[in-house]
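In: structural data only, the sequence is not supplied:
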């Protein structure tokens, strides 16, 4: 949010990930970037589960898919609505989004 507010091109770059006709196959730049994020998320969830900081009552692949989908939905929405929010609203949004991810992953 801070970078997008300071540098418009950063927000535009983020929007490229959500273009309906963006090539996202395995060999494409977008496909490789998404695969890298997915791999990082898998490792982060594994570390969180191992340390008991992340719930483990769901299958790992489902948890990763849910988390990735929620993160993408938040990112896409934020990029589409950034101009509608002032600085304070943006900061509150980031806090709310992080809180949502924490609640999604927190052990019971």
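Out: That came through, no problem. From a predicted model like this one, the values you see are computed outputs, not experimental measurements. Numbers count the residues shown, from 1 in each chain.
In: quick check, residue 45 in contact with residue 61.
Out: No - assessed by Cβ atoms under 8 Å, residue 45 is found out of contact with residue 61, at 10.0 Å. The way it works is simple: take the backbone N, C-alpha and C, and place the C-beta from them, glycine included.
In: ok, those two, which is more surrounded?
Out: Shown here are residue 45 and residue 61; by other Cβ atoms under 10 Å, residue 45 has more neighbours (20 against 10).
In: next one, pLDDT for residue 3 please.
Out: Note on residue 3: pLDDT of 67.
In: which non-adjacent residue is nearest the residue nearest the centre of the chain?
Out: Here the mean C-alpha position of the chain is nearest to the C-alpha of residue 71 (Cα atoms, centre = their mean), at a distance of 2.9 Å. Take residue 71 and drop its neighbours on the chain: the residue closest to it by Cβ to Cβ, 6 or more residues apart in numbering is residue 101, 7.1 Å away.
In: what mean pLDDT does the strand or helix carrying the one you found have?
Out: Using DSSP states H and E, residue 101 maps to helix 87-105. Per-region confidence: helix 87-105 scores 94 on mean pLDDT.
In: offset the numbering so it begins at 4, please.
Out: In the new count, where the first residue is 4, that last one comes out as helix 90-108.
In: who are the packing partners of that helix?
Out: helix 63-84 (3 or more Cβ pairs under 8 Å, 6 or more residues apart in numbering; DSSP states H and E).
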